[in-house]
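Student: Need a 3D model of the following:
(one chain, ligands or ions: 1)
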Amino acid sequence: MSSHFQGKSFLKEIDFSKKELETLIDLAAHFKYLKQKNIPHQYLQGKNIALLFEKTSTRTRSSFTVAANDLGAHAEFLGKNDIQFGKKESLEDTAKVFGRMYDGIEYRGFSQETVEGLAKYSGVPVWNGLTDDWHPTQMLADFLTIKEQFNHLEGITLAYLGDGRNNVANSLLVTGAILGVNIHIVAPKSLQPTSEIQALAQKKADESGAELLITDNVAQGVAGVDVLYTDVWASMGEEETFEERIKLLTPYQINAALVASTHNDQVIVLHDLPAFHDLKTTMAQEIYQQFGIQEMEITDDVFHAPYAHQFEQAENRLHTIKAVMAATLGHMFIPEI
Ligand code: CP
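Tutor: Below you'll find the predicted structure:
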């Protein structure tokens, strides 16, 4: 018997319905329970998984590796300098080789076309571990974390502050719209989502009833929200933009005053990590030397506040990635949705 998700890839959120995303989030909560109780769940015994990374990663790489181990599969890390891909061998040829050796492929890199091409030519499930356009496995973890805090998703309002054109902002806008979660993108006009992304999200919001707001007005964007969310001000590969981004985005920093301005004492704070909240990294030190600032998108006091849930969010990467791998590759019973 094949299950609903069997053989499918997980490339971007809009490929999935509200019910399908909810099912993956709930399956992840189940896997979290099984792991906490030490109950085996080896749905991928004997499977081999390729982990293809063109960019660095802590959470995504660890989540795919540990999830594969917990599911009884073997995961092989393939860094961009370890293999022929892109330099001596095309996407199509690499994907065809991978499809004959591996049962599933994770890809983190730049172009959405690459992850779509891997799926097209390999013939096995491919999972998007982040592209320039989307970060779909991050979304499952984020909305699982929100559901754990509020016991429901529909009707929650999330405000994302920062670079509103990056993959996390795109994914939050579209995924919230699918799930019926109200999304506010609070960003300067030059960093607001493209009209294409806004149109895509609005179409989904019209179906779910979610309310979307794109604004550069911080007070309007955060008033009454349940969740404040931020991300680094310059994504991987954009580090040369820090000077401009610091100028543009300082009013959008999540600090204690901004948290208070939600006027919601139940508000929670999320961050997909890594975060610039102190000077304990070499990059933060370099930015401090150049621009004299000690914190960027989130202040250290907020990062350590009891209402900040970024480490639960990080742990949930493991359980949600496990759900995606097991549902698409394992022989699990999942009723038709
Ligand atoms: N949030 C996230 O994708 O983390 P990594 O870059 O460490 O994988």
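Student: List, one by one, the residues from the chain near the ligand.
Tutor: 57-60, 130, 138, 272-273 (CB under 6 Å from any ligand atom). Any C-beta I mention is one placed from the backbone N, CA and C, and that applies to glycine too.
Student: Type out the ChimeraX command that picks the buried ones from those.
Tutor: To isolate the buried subset of these in ChimeraX, counting by 16 or more other CB atoms under 10 Å, use the following:
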select :57,59,60,130,138,272,273
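Student: neighbours around the closest residue to residue 150 other than its chain neighbours, how many?
Tutor: Distances taken as CB to CB, 6 or more residues apart in numbering put residue 156 closest to residue 150, at 5.8 Å, once the chain neighbours are dropped. The tally of other residues near residue 156 (other CB atoms under 10 Å) stands at 22.
Student: hang on, the earlier thing: filter the residues of the chain next to the ligand down to the ones in helices?
Tutor: 59-60, 138 (DSSP state H).
Student: which residue sits closest to the spatially most central residue of the chain, ignoring its sequence neighbours?
Tutor: In the chain, the residue lying closest to the centroid (CA atoms, centre = their mean) is residue 138, at 1.9 Å. Using CB to CB, 6+ apart and skipping residues adjacent in sequence, the residue nearest residue 138 is residue 272, 5.4 Å away.
Student: OK, contacts around that neighbour?
Tutor: 135, 138, 142, 168, 231, 310, 313 (CB atoms under 8 Å, 6 or more residues apart in numbering).
Student: and the two most separated of the residues you listed?
Tutor: Maximum pairwise distance in those, criterion CB to CB, is 14.9 Å, between 135 and 310.
Student: Between these two, point out the one with more neighbours.
Tutor: Just comparing residue 135 and residue 310: by other CB under 10 Å the higher neighbour count belongs to residue 135, 27 against 21.
Student: pLDDT wise, what is that one at?
Tutor: Looking at residue 135, its pLDDT is 98.
Student: Does it touch residue 171 like I think?
Tutor: Yes: if you go by CB atoms under 8 Å, residue 135 and residue 171 touch, sitting 4.9 Å apart.
Student: can you pull out the strands in this protein?
Tutor: Secondary structure of the chain (DSSP state E): strands at 48-53, 74-79, 104-108, 126-128, 157-161, 182-186, 212-215, 227-230, 268-271.
Student: Need the ones you listed in TSV (columns: distance to residue 195).
Tutor: Listed next are those as TSV, based on distance: least, CB to CB, whole Å:
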stretch	distance to residue 195
strand 48-53	32
strand 74-79	36
strand 104-108	27
strand 126-128	23
strand 157-161	18
strand 182-186	13
strand 212-215	10
strand 227-230	22
strand 268-271	26
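Student: nearest to residue 306, of those?
Tutor: strand 268-271 (9.5 Å).
Student: any idea of the mean pLDDT for the closest one?
Tutor: 98.
Student: So which residues make contact with it?
Tutor: Contacts to strand 268-271, defined as CB under 8 Å, 6+ apart, come from residues 142, 145-146, 149, 226-231, 254, 259, 297-298, 302-303, 305, 307-310, 313.
Student: In ChimeraX, select just the buried ones from these.
Tutor: Only the buried entries of those go into this ChimeraX selection, using 16+ other CB under 10 Å:
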select :142,145,146,149,226,227,228,229,230,231,254,259,297,298,302,303,308,309,310,313
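Student: what stretches of this structure score poorly on pLDDT?
Tutor: 1-2 (pLDDT under 70).
Student: And the helices in it, which stretches?
Tutor: Using DSSP H, helices in the chain cover 18-36, 59-70, 91-101, 112-122, 136-150, 167-179, 195-208, 218-222, 242-249, 256-260, 282-291, 300-303, 310-329.
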